[in-house]
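[1] next one to model:
(2 chains)
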There are 2 protein chains.
Amino acid sequence: MTRSSGRAGGDRSRSRSLPDALEQARELVDPALARALGRLEPGIGEVVNYHFGFAVGNASGKAVRPALALLSAEAAGAPAERGLDGAVAVELVHNFSLLHDDIMDGDRERHSRATAWTVFGEPRAILAGDALASLSLQVLLDHGGPEPEPERVRAAALLADSTQRMIAGQSQDLALEGRPDVTLDECLAMLSAKTAALLSCSCAIGAVLAGAEDDLVARLLTFGEHVGIAFQAVDDQLGIWGEPELTGKPTWSDLRQRKSSLPVAAALQADGPQLRRLLARPSLSEADLARIAQLVEEAGGRAWAAEEADRRLQAALDELDGAEIASNTRDGLAALARFIVTRAF
Amino acid sequence: MTRSSGRAGGDRSRSRSLPDALEQARELVDPALARALGRLEPGIGEVVNYHFGFAVGNASGKAVRPALALLSAEAAGAPAERGLDGAVAVELVHNFSLLHDDIMDGDRERHSRATAWTVFGEPRAILAGDALASLSLQVLLDHGGPEPEPERVRAAALLADSTQRMIAGQSQDLALEGRPDVTLDECLAMLSAKTAALLSCSCAIGAVLAGAEDDLVARLLTFGEHVGIAFQAVDDQLGIWGEPELTGKPTWSDLRQRKSSLPVAAALQADGPQLRRLLARPSLSEADLARIAQLVEEAGGRAWAAEEADRRLQAALDELDGAEIASNTRDGLAALARFIVTRAF
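    Residues are numbered from 1 along each chain as shown, chains lettered A, B, ... in the order given. Down below sits the predicted model:
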């Protein structure tokens, strides 16, 4: 989810008020996150604090995942605080992946700031990511008493599995990159792991910590899976047709980088040969990029992605309706799901 | 511990029979390790299998850490098998650190084979390391039944803490590198984290899994800490004065790379100014390196490291003597400690 929050800074998104849950999450999570980061070795702490932007008052960004984690504790009938360590843990995993993604993708900027590896060098940025991954499990497993409660252990196991799925998805993404014959199924499977696994975990980890029944946990995981794919379906559209002043990236950015994306995979399914020939060119001119974007749109790839986002958002909301969740918590989760999916439109 | 096993292949070490514990460990651990690695996404599995050398029959190297883990289960009066998942987990963490270290150090060879990042590229090698780190905790936390036993949870918490210490030590090492005024205390603190933390964990994780009392676990941790520092005191001598045909590295290799090492730190403590002036030179000629090695030796740095290795080995053995451990297990741990410390002399 390299791009996850880089596109939320445009004028249109600033004019929309953030869901309350995000504001509340920041208030709870920021101090807990700072405490966790305070455990890091100073040389690593320096890189991590820069990355999180504490030094320039940017704090933990939009904190979407922590907000979902806190709401999921409430969904289980517990106070939001019961999900707090889960909220911190998913934010740590997310930022571990950002630190390493920026190196792997060679990205030099994030949120209009130089990425950590360009400032501190690759070795320190690699270590900082490693440290956050390890810290995410420490936050859940080390907790005062002699033994962590069973709920913490379940949360840690869920987080480790979701982290492994996220890493697997990144590997699948690398394998698909530049292949001109990616199928929609391959693309969806990759995104389900790369993007949706951690979002899904975020939607359930607070409930797990609060001792929720398996059925509720399963529903929240499915809710998060749908939200994750919906998010990505929107993000993939922005990656091709997003306005540069909103996304902070040039038009056709994903095509230029030959990223696998849902619109392209959907278009390939419908109109193969011409598009495939163009995508297979060893280098792509601006005219090629424009033509590819046009072909993807004409073959219905853009519309498919837009419809998929709607379908998934609806499926996510249906999942909530089937669960026994207090109505204000349900509304909070639904608002957050809508915000994530539509945040920069 | 970048160099950990690269130096065990020389003639003198081949002429010494390996401790039995190492052979036994390989028989138990290799299949379990292969099962764990089989869980990885195929693209990651490809990198990891190459790194482990399964493809060329090299399997899991010397398996020193797994052997210690299995012996530590026996030290707690349990069969070696009780420590098996701990043995696999520490080997996974060790190899996660090797994969990332090779990138961070820009090392192109390990065991006379091209390192993973040079074969598969940095992004895939970073992901492979990330996957092993995550897998190490999955191996402990996911285990058939609905809930991991409390011993597994304690083992996972110990492993996460030790991994974090190892990462912190690597960060300290980066901070010290090239500084001409490193004190012995700083160097020892760095090595205690970077090298000794995971070795110490290896010496206790099997006992933890076997439900050992806190006192035995504490003694095994201290035993491993001493063995780790003793190992490093030897390794640091080899890094300067090791014969290239034994170490696979050019003479003065650590001086050339300006690594922090115990002999240099000890020499700086004794004979500061001249050595410090040389070390501060922006580039070092072969003559400079020869002169530095000579000064370090004359100031007693080499002798100090040799004595420290002896002191630490003795302290490790004393720790065992103070614990209630069956004599054959004690002998196995002592033999392994001696092997680790003297392996390439």
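
[2] show the pLDDT at the spatially most distant residue from the centre of chain A.
    Most distant from the centre of chain A: residue A:146, at 33.8 Å, with distances by CA atoms, centre = their mean. You'll see residue A:146 listed with a pLDDT of 71.

[3] can I take it that it is in a helix?
    No - if the criterion is DSSP: H, G, I helix; E, B strand; the rest coil, then residue A:146 is coil and not within a helix.

[4] look up how far residue B:234 lies from it.
    Separation of residue A:146 from residue B:234 (CB to CB, to the nearest Å): 37 Å. The C-beta positions use only the backbone N, C-alpha and C, and glycine is treated the same way.

[5] what helix or strand is the residue in the stretch 151-300 of chain A that chain B sits nearest to on?
    At 3.5 Å from chain B, residue A:168 is the closest residue in the stretch 151-300 of chain A, using CB to the nearest CB. Element membership for residue A:168 (DSSP states H and E) is helix A:150-176.

[6] helices or strands next to that helix in the packing?
    Judged by 3 or more CB pairs under 8 Å, 6 or more residues apart in numbering or on different chains; DSSP states H and E, the packing partners of helix A:150-176 are helix A:84-105, helix A:122-141, helix A:184-191, helix A:197-209, helix B:42-52, helix B:122-141.

[7] count of residues packed around the residue lying closest to residue A:329 once chain neighbours are set aside?
    The shortest distance from residue A:329 to any non-neighbouring residue, by CB to CB, 6 or more residues apart in numbering or on different chains, is to residue A:74 (4.4 Å). By other CB atoms under 10 Å in any protein chain shown, 24 other residues sit near residue A:74.

[8] and the host helix or strand of residue A:74, what does it pack onto?
    Per DSSP H and E, residue A:74 falls inside helix A:64-75. Helix A:64-75 is packed against helix A:20-37, helix A:84-105, helix A:197-209, helix A:214-241, helix A:327-342, with contacts defined by 3+ CB pairs under 8 Å, 6+ apart.

[9] now do the buried residues in stretch A:217-237.
    Residues of stretch A:217-237 classed as buried: A:217, A:219-237 (neighbour count, 16 or more other CB atoms under 10 Å in any protein chain shown).

[10] before we move on, what about stretch A:181-190?
    Buried positions in stretch A:181-190, judged by neighbour count with 16+ other CB under 10 Å: A:182, A:184, A:186-188, A:190.

[11] which residues does the closest residue to residue A:188 other than its chain neighbours contact?
    Among residues not flanking residue A:188 along the chain, residue A:229 sits closest, at 7.0 Å (CB to CB, 6+ apart). Residues counted as contacts of residue A:229 (CB atoms under 8 Å, 6 or more residues apart in numbering or on different chains) are A:188, A:191-192, A:195-196, A:308, A:312.

[12] neighbour-wise, which one of these leads?
    Neighbour counts for the contacts of residue A:229 (other CB under 10 Å) peak at residue A:196, which has 28 neighbours.

[13] can you tell me how far the nearest residue to that one once chain neighbours are set aside is from residue B:116?
    Of all residues not flanking residue A:196 in the chain, residue A:228 sits nearest, at 2.8 Å (CB to CB, 6+ apart). Distance from residue A:228 to residue B:116, counting by CB to CB: 30 Å.
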